[in-house]
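Undergrad: Fold the following and give me the result.
(one chain, ligands or ions: 1)
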Amino acid sequence: MDAMIKTEQNCGLSQEQLDAHWMPFTGNRDFKKDPRLITSAKGNYFIDGDNRQVFDGLSGMWTCGAGHCRDEISEAVSKQVSELDYSPAFQYGHPKAFQLAHRICDFMPEGLNRVFFTGSGSEAVDTALKIARAYWRKKGMGTKTRLIGRVKGYHGVNYGGMSVGGIAGNRALYGQGIDTDHLSHTLLPENAFSKGMPEKGAYLADDLENLVALHDASNIAAVIVEPLAGSAGVLPPPVGYLKRLREICDKHNMLLIFDEVITGFGRMGAKTGSEEFGVVPDIMTTAKQLTNGVIPMGAVISKQEIYDTFMEAGGPDYMLELPHGYTYSAHPVACAAGLASLDLLENDKLVERVKTMSPIFEEKLHSLKGVKYVADIRNYGLAGALTLESAPGEPALRPYLVAMSCWKKGFYVRYGGDTLQLGLPFTVEVEEIDLLINAMGDALGELA
Ligand SMILES: Cc1ncc(COP(=O)(O)O)c(C=O)c1O
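TA: Next up, the predicted model:
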């Protein structure tokens, strides 16, 4: 029989049960020695296996901005489950898919009005990349296949997204993906401790001109960037950078894709990063906040001209214009969650609330400047991050130690690489911000 370890804390799970689950993006060996189990959630808090209340400093995983277990969403989901639990995604439709697509367009910048549903952010990214390549082929420009991403970019875990992504370790482990090229990242040392958008770095967009000179625009399909790079540790775009990318894409007839899986639906204090930063892409990918994290779902939103191109080149009407989709595209339960979530964002004026709370968060977060090992602080909207000086030979150690200490103190924060990341709930209160940042300060103070 397997031994029970720390029974109360582990919710009675046996070692065998713990071992059976190969956890994603987790130090499995470390976790299973001392599991951090979450058993319920309400509002801005998780309840853990010891019945402790833990403040959710990342809104789940950038997903639950409206807070956890909102009645409006729970009710919509449970009603949907008993009314229409599944509906075939191909060749048949259900009304909520069309209603949600139309509702998403209310949150989009003008011109983005055709919505393709996926099951996650990674699927949204790979869908967008496939649409971009197929679009040029449909237009008779089939040599335009090359995809350009950015160093430090994160576009999910599938092979397309991983290839345009700029996380170096991926190639070491998973080998080469599809043929891509990369712009430089925008994390300049001279911008350290910038509040909001850094002043310097618009010139980095000119990298794209260099790649055009190298490959020729006749071979390039699209450029994909996160308007604010999230997983790399919250890198807001330098002033003027995104506008410059847009100009170069227009000049050379290349599509611009914004991956707004984190920034879409409110986190920047605007409906999208595109709205906040004043630059409209040709295609946008979204997920996470779309359903407030309740049911997995992603969405790719494209300009009408792209959709029309597929329709016009589609052959007879009964033929597929885009042979692509997922069993769970536009899942009815996800659509119900999406409709309820977007209503919540609007009815509770949560996007406006992000705008109001952002300067308070910014001020408090930057109060950690000068604390031991804090090498940089960045923020925008209700997203923020610290970079910590690396322990010798172990760049990821200190963020891990701080996050673990915060968890013990009742605060969930994300750690990754040499950064600590925060994505506060849109419903956060000022006192909660104070307590969270104070706890992080204390945890940093504990570092040897
Ligand atoms: C910008 C961006 N794109 C794509 C993804 C992948 O989304 P998912 O984990 O839902 O596949 C993420 C996830 O964090 C993301 O931040």
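
Undergrad: For the closest residue to the ligand within the stretch 51-200 of the chain, give me the backbone phi and psi.
TA: Distances between the stretch 51-200 of the chain and the ligand by C-beta to the nearest ligand atom are smallest at residue 121, namely 2.2 Å. For every residue, glycine as well, the C-beta is placed using N, CA and C. Here is the backbone geometry of residue 121 (degrees, to the nearest 10): phi -70, psi -40.

Undergrad: That one: neighbour count?
TA: 31 (other C-beta atoms under 10 Å).

Undergrad: same thing with residue 149?
TA: 28.

Undergrad: Might one say that the residue of the stretch 51-200 of the chain closest to the ligand is in contact with residue 261?
TA: Yes - at 3.7 Å, residue 121 counts as touching residue 261 under the criterion of C-beta atoms under 8 Å.

Undergrad: joint contacts of these two?
TA: Overlap of the contact sets of residue 121 and residue 261 (by C-beta atoms under 8 Å, 6 or more residues apart in numbering) consists of 156, 285, 286, 287, 288, 298.

Undergrad: what sits against the last one?
TA: Right, residue 298. 117-124, 127, 261, 285-287, 290.

Undergrad: again, only this time at 6 Å
TA: Taking C-beta atoms under 6 Å, 6 or more residues apart in numbering as the contact definition, residue 298 lies against 118, 120, 121, 123, 124, 287.

Undergrad: So what does the first one look like in phi/psi?
TA: With angles defined as degrees, to the nearest 10, residue 118 shows backbone torsions of phi -130, psi -180.

Undergrad: Going forward, count from 478.
TA: Got it, first residue is 478 now, which makes that one residue 595.

Undergrad: what about it, how many neighbours?
TA: Residue 595: 27 neighbours (other C-beta under 10 Å).

Undergrad: any idea what sits nearest it, other than its immediate chain neighbours?
TA: Leaving aside its sequence neighbours, residue 595 sits nearest to residue 775 (C-beta to C-beta, 6 or more residues apart in numbering; 3.9 Å).

Undergrad: Find me the pLDDT at that neighbour, would you?
TA: According to the prediction, residue 775 has pLDDT 99.

Undergrad: cool, residue 646 as well?
TA: So residue 646 comes in at 89 (pLDDT).

Undergrad: since we're on it, how many residues are nearby?
TA: 8.

Undergrad: check which helix or strand covers it.
TA: In the assignment (DSSP states H and E), residue 646 maps to helix 645-651.

Undergrad: quick check, that helix touching the ligand?
TA: No - Helix 645-651 lies apart from the ligand when judged by C-beta under 6 Å from any ligand atom; the minimum separation is 13.1 Å.

Undergrad: Can you tell me which helices and strands that helix packs against?
TA: Helices and strands touching helix 645-651, by 3 or more C-beta pairs under 6 Å, 6 or more residues apart in numbering; DSSP states H and E: there are none.

Undergrad: Mind checking what helix or strand follows it in sequence?
TA: strand 657-660.

Undergrad: residues contacting residue 828?
TA: residue 743.

Undergrad: where's it relative to residue 744, distance?
TA: 9 Å (C-beta to C-beta, to the nearest Å).

Undergrad: Name the nearest residue to residue 741, ignoring sequence neighbours.
TA: Nearest one to residue 741, counting by C-beta to C-beta, 6+ apart, is residue 763 at 3.8 Å.
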